[in-house]
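# pasting a predicted model and its sequence here:
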Amino acid sequence: MEMILYIAVAIMTFSVIGLIAAPVILRPTPEAERMLQVIQSNRPDQRRVKTKEVVQEGILKIARDLRGRLGLAQNNKLKERLFTAGLRDPGIYDIFFVGQIVMPLVGAFAGSFASSNVVFCVFSGTVLGYMAPDFWLTWKTKQRKQRIRRSMPDAIDLLVISVDAGLGLDQALLRIGEELAISHKEINEEFTQVHLEQRAGKMRLDAWQSLAARTQIDEFASFVSMLVQSDRFGTPIIKALSRFSDDLRTQRRQRAEEQAAKTKIKIIFPLVLFIFPCIFIVLLAPAILSISSGLTKMAN
């Protein structure tokens, strides 16, 4: 019994001595302390995961599990459409998949409140709910293409100025993207993507061809063709860019003239449906009232 007591006291004494000597023995070297100071964050606040992020991650996890159980592989065509619309978040495909599942249920639930033809309303709501995400994606893609198309002439003009000032094409693209980050956010994203692909080892022309295929805009396709021809035949890039910029300005002016010419036809419908009835009421109402009053007096 005494032997066990002596062993316990010895172990306790050794543990206390070890705890006291540990900070001195295990002290890091000056180099290690310097590395810890470099990588250590001195920010007083720490980022907390919000409830919204937790709920979103939970929904995405359920969507991934459901897609895996159903054996539905990722649709490459849908991914290209999402990229064209500017939706490049890693979880956007799963979010769109959740929308395609939830929206028909929402449409069916809304149609069930109809007072008559409940079956037809539920069926119509389900079909519209299933088509709503696709319509939304098509609309967003169209809007983004229009914004990029409107910003192309300004971007090419800045590119001409930058290249003429002595910058290389890649550096000029990066500089233009920074200048247009606020006014033309979409084209800044595309130029940044091209720059990142080139840094990853992709050839310049291949990166531009990927840009034309990703955006599906005729102006970018023409621009890529111009770069290919300039690189193949040795044409000065500044002359090709200046000519291309003039062509873009001409095309934009022609589109504006085309839209202005279409207004003459488009204004006919509101003119017939809204303005002419008001004119007829103003012109014919006094005459109709006078005739009615005269007929009433004659009848009396």
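Noted; the coordinates are in hand. Numbering: from 1, shown residues only.

# may I see the buried residues of stretch 143-151?
144-145, 148-149, 151 (16 or more other CB atoms under 10 Å). For glycine as for every other residue, the C-beta is placed from the backbone atoms N, C-alpha and C.

# in helices, which of the residues you listed fall?
Using DSSP state H, 144-145, 148-149, 151 are the members of the buried residues of stretch 143-151 that sit in helices.

# out of the buried residues of stretch 143-151, who's nearest Thr263?
For the buried residues of stretch 143-151, the residue nearest Thr263 by CB to CB is Arg149; the value is 19.9 Å.

# the closest one: what's it in contact with?
Residues counted as contacts of Arg149 (CB atoms under 8 Å, 6 or more residues apart in numbering) are 217, 219.

# how close does it get to Arg252?
Using CB to CB, to the nearest Å, we find Arg149 at a distance of 8 Å from Arg252.

# give me phi/psi at Ser112?
Torsion angles at Ser112 (phi, psi; degrees, to the nearest 10) stand at phi -70, psi -10.

# and for Lys202?
Main-chain dihedrals, Lys202, degrees, to the nearest 10: phi -80, psi 140.

# could we number from 39 for the rest of this?
Understood, numbering begins at 39; the last thing we discussed is Lys240.

# before we move on, which element is the residue lying closest to it once chain neighbours are set aside in?
Nearest in space to Lys240, with sequence neighbours left out and distances taken as CB to CB, 6 or more residues apart in numbering, is Ser248 at 7.5 Å. In the assignment (DSSP states H and E), Ser248 maps to helix 242-253.

# just the C-alphas of stretch 199-215, formatted as PDB.
What follows is stretch 199-215, C-alpha atoms only, in PDB (Å, rounded to 0.1, in the frame of the first residue of the first chain):
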ATOM      1  CA  ILE A 199      -5.800  54.100 -76.400                       C
ATOM      2  CA  SER A 200      -4.000  51.700 -74.100                       C
ATOM      3  CA  VAL A 201      -2.200  49.700 -76.900                       C
ATOM      4  CA  ASP A 202      -1.300  53.000 -78.700                       C
ATOM      5  CA  ALA A 203       0.200  54.200 -75.400                       C
ATOM      6  CA  GLY A 204       2.600  51.300 -75.300                       C
ATOM      7  CA  LEU A 205       0.800  48.600 -73.200                       C
ATOM      8  CA  GLY A 206       0.600  45.100 -74.300                       C
ATOM      9  CA  LEU A 207      -2.700  43.500 -75.200                       C
ATOM     10  CA  ASP A 208      -2.900  41.400 -72.000                       C
ATOM     11  CA  GLN A 209      -1.900  44.300 -69.700                       C
ATOM     12  CA  ALA A 210      -4.300  46.600 -71.600                       C
ATOM     13  CA  LEU A 211      -7.200  44.200 -71.100                       C
ATOM     14  CA  LEU A 212      -6.500  44.000 -67.300                       C
ATOM     15  CA  ARG A 213      -6.300  47.800 -67.100                       C
ATOM     16  CA  ILE A 214      -9.500  48.300 -69.000                       C
ATOM     17  CA  GLY A 215     -11.300  45.700 -66.800                       C
END
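
# check the offset of it from the chain's centre.
On the basis of CA atoms, centre = their mean, to the nearest Å, stretch 199-215 is displaced by 26 Å from the centre of the chain it belongs to.

# would you mark the buried spots in stretch 256-272?
For stretch 256-272, a neighbour-count test (16+ other CB under 10 Å) marks 257-262, 264-265, 268 as buried.

# contacts made by that stretch with the rest, please.
Contacts of stretch 256-272 with the rest of the structure, by CB under 8 Å, 6+ apart, involve 187, 190, 194, 242-243, 246-247, 249-250, 273-275, 278-279, 282, 285-286, 289.
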